[in-house]
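Enquirer: Would you be able to build a 3D model of this:
(3 chains)
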Amino acid sequence: MQHARDIQRHLAGRVIGRNELGAPVLIAGVDISGERDGVAVAAVVVLRHPQMELVEVQVAEGRPGFPYVPGLLSFRESPLIIAACEKLSHEPDLLLVDGQGVAHPRRLGIASHLGLLFDLPSIGCAKSILCGKHGPLDEEGQAELIDAGEVVGMAVRTKGSARPVYVSIGHKVDLPAAVYWVRQCCRGDRLPEPTRLAHLAAGGRLKGDFGV
DNA sequence: GCGACAG
DNA sequence: ATCTTGTCGC
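Expert: This is a model prediction of the structure:
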């Protein structure tokens, strides 16, 4: 599917890497579960900073109309995630995504793609690297993620001695702000609360149901 | 040509 | 993503 890659190269030029994020109050996290009999579940949760209390949860299920292809994740997951987000009654100030932002071969990972579609500040926080490499983490537990000579993200140790997560710009934020907010959202877990809870919700294991 | 490869 | 619990090591 070469066309999908052309779309990414085109949209990448629209990503805003300047920080337009103030102090977000409503932070949304999105994630999608693996298929069950061909059906996947997308979930979006909205938390209120700084208490990180759950404000809203919405889900949407259906058949991913696109296979998993490294680099084309958004074409597989975005439709269901968008369906779930359209049910929200709360408009988030920031979107946290389980996946890469611009730390992507064509600089348009799913976090950037969703940020553009919703015209919302977004941040990508992935559990592993898609492209790029980095040296040892510094005293802050961080190291720049570099691809083709460009700093595309940051490896960030968010908990104890656990392996780092990979933070990158989604849209309308800069890297320092992205790293700052990911750290702000981590509550004793390696992954930020928004995406962690979205993951649980997508798997139908979010305790204390929210009318889902 | 041979690997690497978000979820 | 998924197969899968307790266990070895610092």
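Enquirer: Skipping its backbone neighbours, what lies nearest the spatially most central residue of chain A in space?
Expert: With the centre of chain A defined as its mean C-alpha position, the nearest residue by Cα atoms, centre = their mean is A:V97, 1.2 Å away. Residue nearest to A:V97 in three dimensions, not counting chain neighbours: A:A111, with 3.8 Å by Cβ to Cβ, 6 or more residues apart in numbering. For every residue, glycine as well, the C-beta is placed using N, CA and C.
Enquirer: Count the neighbours of that neighbour for me.
Expert: 34 (other Cβ atoms under 10 Å).
Enquirer: Check A:P67 too.
Expert: 9.
Enquirer: quick one: contacts for the residue nearest to the centre of chain A?
Expert: A:G29, A:V30, A:I110, A:A111, A:L114, A:S122, A:I123, A:G124, A:C125, A:G170, A:T195 (Cβ atoms under 8 Å, 6 or more residues apart in numbering).
Enquirer: which of the residues you listed are close to DNA strand B?
Expert: When contact is defined as Cβ under 7 Å from any atom of the strand, those meet DNA strand B at A:I110, A:A111, A:G124.
Enquirer: what about the last one, distance to A:V55?
Expert: Spelled out, that is A:G124. Taking Cβ to Cβ, to the nearest Å as the criterion, A:G124 is separated from A:V55 by 22 Å.
Enquirer: can you map out the helices along chain A?
Expert: A:2-12, A:73-85, A:110-118, A:175-185, A:193-202 (DSSP state H).
Enquirer: Can you name the residues in contact with the longest one?
Expert: Residues lying outside helix A:73-85 but in contact with it, judged by Cβ under 8 Å, 6+ apart, are A:1, A:4, A:28, A:30, A:32, A:40-44, A:58-62, A:64-69, A:99, A:108-110, A:113-114, A:117-118.
Enquirer: Are any of those buried, and if so which?
Expert: A:28, A:30, A:32, A:40-44, A:58-61, A:64, A:66, A:99, A:108-110, A:113-114, A:117-118 (16 or more other Cβ atoms under 10 Å).
Enquirer: got any ranges where chain A has weak pLDDT?
Expert: Across chain A, the ranges flagged by pLDDT under 70 are A:209, A:211-212.
Enquirer: Flag every residue of it that's near DNA strand C.
Expert: On the criterion Cβ under 7 Å from any atom of the strand, DNA strand C has as its neighbours in chain A the residues A:S33, A:G34, A:D98, A:K127, A:H199.
Enquirer: That's all I had, so thanks and see you.
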